[in-house]
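1. what's the 3D shape of this:
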Amino acid sequence: MNVVQPSKIICVGRNYAAHAKELGNSVPERPMLFFKPPSALIAHGESIVIPAVSQQVEYEAEIALVIGERATRVPAGRAMEVVRGFTCANDVTCRDLQKPDGQWGRAKGFDTFCPAGPAVVEVADWRNLEIIGRVNGEVRQRAPISDMIFAIPTLIEYITHIMTLEPGDLILTGTPEGVGRLVAGDVVEVEIPGVGVLSNPVEEGR
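-> Alright, predicted model coming up:
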């Protein structure tokens, strides 16, 4: 069972400079936002399914936060007051569809492309969080939250000045460098020490 039932999933692109560089992209001047559909959500232990139309499905380990109350035009200084807690997330992406499409709705919106969990956890000091991504037990991604270009309070202020956030809404805050391809049989893990470990097997679609 999914740990959240968001009305929307807002994601932040290129929020770690080294990740932008590894994909040959410039660092954005303001937060780059996109959406995943709630139908992409799967829980800890459920399978990521590789769609037949893609030959390059990649993992992106991310720190995610869950909104705890209705939030509109929240200043950065009050931003953490609207956060219910943190969870692990994986922004699964068809990299070979992302650039040709020009927008990312298809590449990031397939069913099973937003694993999240295993729990939503209150954090005493979010500034100490770290994100770790593993494939088959091997660490592929690791970065402190301080490596983010736009910090979480800045993201909440920016997003809530665009749209109202509802309780349960999920924000994925970006991925560090080290993204790579997944194949059937892999097991991908996202860990936030002190929050939990999200683990999902990978299988071929039809």
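2. what number of residues lie near Pro193?
-> Using other CB atoms under 10 Å, Pro193 is surrounded by 11 other residues. (C-beta placed from N, C-alpha, C; glycine too.)
3. and it, what does it touch?
-> Contact analysis of Pro193 by CB atoms under 8 Å, 6 or more residues apart in numbering lists Leu129, Glu130, Ile132.
4. how much space separates it from Arg73?
-> Using CB to CB, to the nearest Å, Pro193 is found at 33 Å from Arg73.
5. all helices of this protein, in order?
-> 17-22, 95-101, 105-109, 152-160 (DSSP state H).
6. roughly how far does the residue nearest the centre of the chain sit from Gln56?
-> The centre of the chain sits closest to Leu172, judged by CA atoms, centre = their mean, with a distance of 3.6 Å. Taking CB to CB as the measure, Leu172 falls 20 Å from Gln56.
7. just the contacts of Pro193: which are in strands?
-> If you go by DSSP state E, the contacts of Pro193 have Glu130, Ile132 in strands.
8. quick check: of the contacts of Pro193, which lies closest to Cys94?
-> Cys94 lies nearest to Ile132 out of the contacts of Pro193, by CB to CB, at 23.3 Å.
9. and that closest one, what does it touch?
-> Ala61, Val139, Gln141, Arg142, Glu189, Val190, Glu191, Ile192, Pro193 are the contacts of Ile132 under CB under 8 Å, 6+ apart.
10. one more pass at 10 Å, please.
-> 61, 88, 139-143, 176, 178, 189-193, 197 (CB atoms under 10 Å, 6 or more residues apart in numbering).
11. over to Leu165?
-> Counting by CB under 10 Å, 6+ apart, Leu165 touches 6-8, 10, 67-72, 74, 82, 156, 159, 171.
12. derive a PyMOL selection command for the buried subset of those.
-> The PyMOL command for the buried members of the contacts of Leu165 (criterion: 16 or more other CB atoms under 10 Å) is given here:
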select buried, resi 6+8+10+67+68+71+74+82+156+159+171
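13. packing partners of the worst-scoring helix or strand of the chain on mean pLDDT?
-> Lowest on mean pLDDT, DSSP states H and E among the helices and strands of the chain sits helix 17-22, with a mean of 73. Judged by 3 or more CB pairs under 10 Å, 6 or more residues apart in numbering; DSSP states H and E, helix 17-22 is in contact with strand 138-144.
14. chain center to the strand it packs on, what's the gap?
-> Its chain's average C-alpha position is 14 Å from that of strand 138-144, according to CA atoms, centre = their mean, to the nearest Å.
15. can you list contacts of that strand?
-> 16, 18-19, 59-63, 127-135, 174-180, 188-191.
16. burial of the residue lying closest to Thr72 once chain neighbours are set aside, as a residue count?
-> Closest residue to Thr72 apart from its sequence neighbours, by CB to CB, 6 or more residues apart in numbering: Thr164 at 4.6 Å. Thr164: 13 surrounding residues under other CB under 10 Å.
17. list the contacts for Thr164?
-> Each residue near Thr164 by CB under 10 Å, 6+ apart is listed here: Ser7, Lys8, Arg70, Ala71, Thr72, Arg73.
18. and what of Gly68?
-> Residues near Gly68 by CB under 10 Å, 6+ apart: Glu81, Val82, Val83, Arg84, Gly85, Val120, Glu122, Leu165, Pro167, Gly168, Asp169.
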